Structures are given as C-alpha cells and as structure tokens.
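Colleague: Show me how the following folds:
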Amino acid sequence: MSTVRCYDCGRSFAFPERKRCECGEPLWFDHGEVAWPDRRDPGMWRYADSLPAAAPAGVGAAAGGTPLVRAPRLDTGGVELYLKDEGQNPTGSFKDRGSALAVASARERGIDRVGTVSHGNMAMSTAACAAGAGLECTVCVPADIPEERLAHIARYGPEILRVEGEYGRLYERSLELEGVDFVNSDTPLRVAGQKTVAYEICEAFASDVPDAIVLPVSSGGQLSGIWKAILELRAAGLIDERPRLYASQASACDPIVRAFGADRREVSPIEGGETIAYSIANADPPSGNRALAALRDTDGGAVSVSDDAIRAAQRRLARKGGFRVEASSAVAYAGLERLLERGEIGAIRDVYKRQGSHSTR
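Modeller: Residues are numbered from 1 along each chain as shown. Here you go, the predicted model:
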C-alpha cells in the first residue's frame, strides 16, 4: 500500500486512508529515490516507476510528453526562454497528467466513479480520462460558468452539478457527495501526476536545469507537484541545483501573491474580482500554504498582473512565437515581464509553462 505524507508536519498515512493531514494541510506521495527511466513508455508514463499507478486505458495513456520549445523571438531582458507546451496534452491542458493518474488508480482500486471541482479545464480533463477508461464521472462547476466552457465539458458525458459561490463552495460540495472518488487540485494523486511536467523539464536539461520556472497559479496544486519533483530529483543527485519557482496570478484574484508579499506563512481567502483569466481565479486556494512553502524553499517569488498585461502577453506570444493561448496561460509570460521590470529575474535560462493552447478552454 502506498504512503502519503504531509509536507508541513511530516505525518504519514496509508493511501487512500486520508487525502488531507490531521493538521489540515494537503498530502503527497512518497515513493523513495527516483531515477531517470530506461523505459520507453509514451508521455508521462516513462516515469511510471515513480508513480502510484500504471497507465490507464484510453486517452489518459497519452498524457504528458509535451514539447519543450525554444522561443528566441520571445526572449526578453536577457532571458533565454523555453516554453513547455502543455496544450499538446489530450484535452489541451496540463490537468490531463493528474486526471490520467487518478483514473488509473481508481481502476486499480475497483472504483467506478471519479469526480472533481473545476472552473473548466480540470472538469473537462477528468471527464475525458474517465470516459476513456470506462468510468463514470461527476463534476462540480460554478453556477456562472460560461456556456461555451460548459459545452466542452458536457461532450464527455459527465454528471454536471452547478454550484453557487466561489471555488471554496465547490470544494465543500464535493466533500458532501458520497460514492464519488474526488480528485481535486490538492489531492495526492493529482499532484503526483502533475509533478511529471517537472521531471520532463529537468530531464531535458539534466543536470544543468533552468534557473527559473514561471507558471500561472490557481489552487497551488501544479506548483506543489513541480516543487515535489524538484525535491526528489535534487535528493537523488539527478540535478545540480533547484530552479527558482515563480507564481503568477491575475491581480483581480491573487491570494497567494498577497500572502507572499506580506511575508505570511498562510494564505487567507480574499474577495476575488472579475478577470479574463477566469480558469485560474481561485480566491481560496486549497494548496495555497504549500505553494508559499514552495516559493520560499526555492528562493522564488510571486507576481500579479493586470488583465491589460495579460492581453498584451497573448498578443506577443502569438505575433512573436506563433502561440495561441488562453488568458490563464498568458498570465505566466505577463508575470515574467513583470518580474524582469522589478529586477527579480536577470539574464538567465527560463522555462515559461503554458497551461493550454486553445483560447476557448
């Protein structure tokens, strides 16, 4: 049986006995020492020896293995820029990594229904991976979700529950439902799947990894997964240094940035405003405290950007790089530009992580 551990207090539990620690913080898997794989499985499943389940049937087997693209025309401020194109995942989002692993684990444990809470991308991803593996799926989405986004989710046939309120209410609603194995943004399985993006980045550069990784942050789950991978790879001696991690959020909804700037150890819920980066607008991030720990442990930072800056970043990514990205993905490039303006990032080699590729998602 696999073991999950609290990043904060260190308590360990048998999985799936608990999904959060008694202290209230999220858990993650411990799998011992990692190594660069010899196996030739496709995508993220090259790293199956460091994951708690084998590849599932269906579309989840194609998750990961996304291109790392050198983008010289997007270099700015002395930064040598690479883009990790997560839009090449099956449903166009990095969420497929965690969804695929969650569905694979559910099948192995004899579970027939999985679920998630989401503004869109994670719901679509979970529903698609569940459909491919022959599982039922339940998703909780905001009552005000755009109809176009809802249509993308509905095509995979999940049970859809529209919930009034902020993300925190969606999360609470998932805890009230019985008979569904919810794999929300902070759960050990999702974080374990999403850490494989950092395996891929670091293996591509090993052992001289990038100086920094800038990514858009919502719940903090993806940032947590990248941090976990970096800790594992450094402990195994597979990378010489740890990349600095930088979180970028829309200024209308930036609880992690506010907590980091105030030098707090915990993220407090905020009253989020409207932003074009709808899919990462999370006013009460369940992995917020762990995200703060990741930023500080790697000597990184956090930055918020306006909607105007996000739109400008979308235009530059399209006109100088040929990349069509949704607003939430452009938050990372806008954040990089802001970090350069503030002098927090100098002449380095940097990875900007795109969440997805399609502006309709």
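Colleague: gap between residue 177 and residue 114?
Modeller: As for residue 177, its distance to residue 114 is 12 Å (criterion: Cβ to Cβ, to the nearest Å). Yep, even glycine has a C-beta here, placed from its N, CA and C like the rest.
Colleague: what touches both of the two?
Modeller: Each of residue 138 lies in contact with both residue 177 and residue 114 under the rule Cβ atoms under 8 Å, 6 or more residues apart in numbering.
Colleague: Who has more neighbours out of the two?
Modeller: Neighbour tally, residue 177 and residue 114, criterion other Cβ atoms under 10 Å: the higher count belongs to residue 114, 27 against 14.
Colleague: Which of the three states applies to the more buried one?
Modeller: strand (DSSP: H, G, I helix; E, B strand; the rest coil).
Colleague: can you check residue 5 too?
Modeller: Of the three states, residue 5 takes strand under three-state DSSP.
Colleague: Next, the most centrally placed residue in the chain: secondary structure please.
Modeller: Geometric centre of the chain, nearest residue: residue 222, 2.6 Å, by Cα atoms, centre = their mean. Assigned by three-state DSSP, the conformation of residue 222 is helix.
Colleague: how near is it to residue 27?
Modeller: Computed as Cβ to Cβ, the residue 222 to residue 27 distance reads 16 Å.
Colleague: now swap in residue 244 and tell me
Modeller: Applying Cβ to Cβ, the value for residue 244 to residue 27 is 25 Å.
Colleague: mind listing the strands for the stretch 201-350 of the chain?
Modeller: 212-216, 244-250, 301-305, 349-354 (DSSP state E, counting those that start in this stretch).
Colleague: Compare those strands and say which comes out lowest on pLDDT.
Modeller: Ranked by mean pLDDT, these bottom out at strand 349-354, with a mean of 68.
Colleague: how about the residue nearest to residue 291 when sequence neighbours are not counted, what does it touch?
Modeller: Of all residues not flanking residue 291 in the chain, residue 220 sits nearest, at 3.3 Å (Cβ to Cβ, 6 or more residues apart in numbering). By Cβ under 8 Å, 6+ apart, residue 220 lies in contact with 185, 186, 256, 285, 286, 287, 288, 289, 290, 291, 294.
Colleague: In the stretch 201-350 of the chain, where is pLDDT below threshold?
Modeller: 347-348 (pLDDT under 70).
Colleague: Residue 40 is in what secondary structure piece?
Modeller: Using DSSP states H and E, residue 40 sits in no helix or strand.
Colleague: Contacts only, for the closest residue to it other than its chain neighbours.
Modeller: Take residue 40 and drop its neighbours on the chain: the residue closest to it by Cβ to Cβ, 6+ apart is residue 46, 7.1 Å away. Contacts for residue 46 (Cβ under 8 Å, 6+ apart) come out as 37, 39, 40, 65.
Colleague: And for residue 118?
Modeller: Residue 118 touches 124, 126, 139, 140, 141, 170, counting by Cβ under 8 Å, 6+ apart.
Colleague: can you do 6 Å?
Modeller: Taking Cβ atoms under 6 Å, 6 or more residues apart in numbering, we find residue 118 in contact with no residue.
Colleague: any idea how far residue 22 is from it?
Modeller: Where residue 22 is concerned, residue 118 sits at a distance of 27 Å (Cβ to Cβ).
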